[in-house]
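Engineer: Need a 3D model of the following:
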Amino acid sequence: MDMSVHSLNTLFNQLGLPSSDKDIEHFVSTHRLYSGDIKLTEATFWTSSQSRFLKESLDCDSDWCELVDEQDSMLRH
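Structural biologist: Sure, this is the predicted structure:
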């Protein structure tokens, strides 16, 4: 069993994105979800594998779920 503690940095790393705090700030400032009708997993800036990972994380209530929710919230503010 994976007992790793995940963070936003490890979530971005898992998604294959630059994952330093500065990289995350830049991503959030340049990728916004303005419409409440767009699901995080359906945003056009994800690759199909990134979208699939996010969807599976939420659907399965995985240990990534809280961070995916946090990422969703960050992209909407």
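
Engineer: Quick one: the strands in this structure, in order.
Structural biologist: Counting by DSSP state E, the chain has no strands at all.

Engineer: Run through the helices of it in chain order.
Structural biologist: Under the criterion DSSP state H, the chain contains helices at 8-14, 21-30, 48-59, 65-76.

Engineer: on contacts alone, who are the packing partners of the third one?
Structural biologist: Going back to what we said before, that points to helix 48-59. Helices and strands touching helix 48-59, by 3 or more CB pairs under 8 Å, 6 or more residues apart in numbering; DSSP states H and E, are helix 65-76. Just so you know, the C-beta spots here come from the backbone N, C-alpha and C atoms, and that holds for glycine as well.

Engineer: Quick one: closest of the helices of the chain to Gly36.
Structural biologist: Nearest to Gly36, of all the helices of the chain, is helix 65-76, at 7.6 Å by CB to CB.

Engineer: what angle sits between that closest one and helix 48-59?
Structural biologist: Counting by axes from the mean of the first three to the mean of the last three CA atoms, to 10 degrees, helix 65-76 lies at 120 degrees to helix 48-59.

Engineer: Return the distance of helix 65-76 from the chain's centre.
Structural biologist: Here helix 65-76 is found 6 Å from its chain centre; the criterion is CA atoms, centre = their mean, to the nearest Å.

Engineer: buried stuff in that helix?
Structural biologist: Neighbour-count burial for helix 65-76, counted by 16 or more other CB atoms under 10 Å, picks out 67-68, 71-72, 74-75.
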